[in-house]
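# Sequence and predicted model, in that order:
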Amino acid sequence: QVQLVESGGGLVQTGGSLRLFCAASGRTKSSYAMAWFRQGPGKEREFVAAISGSDGRTKYADSVKGRFTILRGIPRNTVYLQMNSLKPEDTAVYYCAAGSSSLATMTSEYDYWGQGTQVTVSS
């Protein structure tokens, strides 16, 4: 079993920045891809960004390209999401996910999920 714990959410003004952090523990594998999804009020959970376990390739949703960066930490079972130029539409609960499907964008492709961290962007 793998446990994921997110942190770093909070309240920020439009144009501000936040860094989210996710740590994996338990039966983790260095080959796991890790990703961030988000779920806004009344919306379905949507893909934000992913990073592969093998070579560090990344993938982003069009809505966050150029503003968000996903990074592996040290040790490799940690991942960050650096969020810049935040907009009110970025307000959501952000979830960390891990799985064996590299750079997948669908929730069904990930096996493990954290409990989420709230990000609120005020206008």
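In hand now; what should we look at?
# Next up, the contacts around R72.
When contacts are counted by C-beta atoms under 8 Å, 6 or more residues apart in numbering, R72 is found next to M34, I51, G56, T78, V79, Y80. All C-beta atoms are positioned from the backbone trio N, CA, C, and that covers glycine.
# Tell me, what's the model's pLDDT at it?
Turning to R72, the model gives it a pLDDT of 90.
# repeat for L20
pLDDT recorded at L20 is 98.
# before we move on, what about S25?
Per-residue pLDDT puts S25 at 89.
# strands paired with the helix or strand where it lies, and their directions?
Assigned by DSSP states H and E, S25 belongs to strand 18-26. Strand pairing for strand 18-26, using DSSP bridges, gives strand 2-7 (antiparallel), strand 78-83 (antiparallel).
# so which of those strands is the most packed in?
Per residue and on average, the most neighbours among these fall to strand 78-83, with a mean of 22 (mean count of other C-beta atoms under 10 Å).
# No more questions from me, cheers.
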